[in-house]
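Student: Here is a sequence with its predicted model. Questions after.
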Amino acid sequence: MKVTRRVFVGAAAMVLASGGTLGMLPVSATAEPDAPPSIVEDFTYPGGDKIDGIRLIKGDGHILFIECDQPARSVEVWSFTQDTPFCFEIRGTKGYVSLELADAYGIRNYNDFPLSATVSVAGTEKAVQVPINDWVGVGPGANEGPAVLLEIQT
């Protein structure tokens, strides 16, 4: 059809006259400026870099950092970085949180299910099993060098 062809040729002429090339329109020309942000979950721990002495990186929302005076305390992690433990609440029997806690030396499990942790000692990562309603030493607490706690999982 001649009408369609004329419209296409006219549009192409406008694009070329404005310095563009056919087929290479800017992507932002079609995006809405007020479009909402993506809702894809990346599991980043909200506010995880604002807590003194510990950096919470990612998690599935089932292991939460809490104040130790709360009755929901499920896990205590002891570190030479402060005089009191870092405490977590576990919601359910499955979960994980990745973190960085330097100078860790002990992990206490108050749950009726086993817990595992990943620590780095002298640059080597290793898994540590924390028995039901018990504690386990890591790093200096296990007669090893300084340890960095990297993950807690159930």
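Tutor: Here it is on my side, so go on.

Student: what does the domain assignment say about the protein?
Tutor: Under the assignment automatic domain parsing, the domains of the chain span 1-35, 55-153.

Student: Reformat those domains as TSV; add mean neighbour count and mean pLDDT.
Tutor: Just so you know, the C-beta spots here come from the backbone N, C-alpha and C atoms, and that holds for glycine as well. Listed next are those as TSV, based on neighbours: other CB atoms under 10 Å; pLDDT from 0 to 100:
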stretch	mean neighbour count	mean pLDDT
domain 1-35	9	50
domain 55-153	17	94
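
Student: out of all of them, which strand in the chain is the longest?
Tutor: In terms of residue count, the longest strand belonging to the chain (DSSP state E) is strand 96-109.

Student: Now do the helix or strand following it and strand 96-109, the angle between them.
Tutor: Proceeding N to C from strand 96-109, the next assigned helix or strand is strand 115-121, under DSSP states H and E. Here strand 115-121 runs at an angle of 100 degrees relative to strand 96-109 (axes from the mean of the first three to the mean of the last three CA atoms, to 10 degrees).

Student: List the strands paired with strand 115-121, with their directions.
Tutor: If you go by DSSP bridges, strand 115-121 pairs up with strand 124-130 (antiparallel), strand 147-153 (antiparallel).
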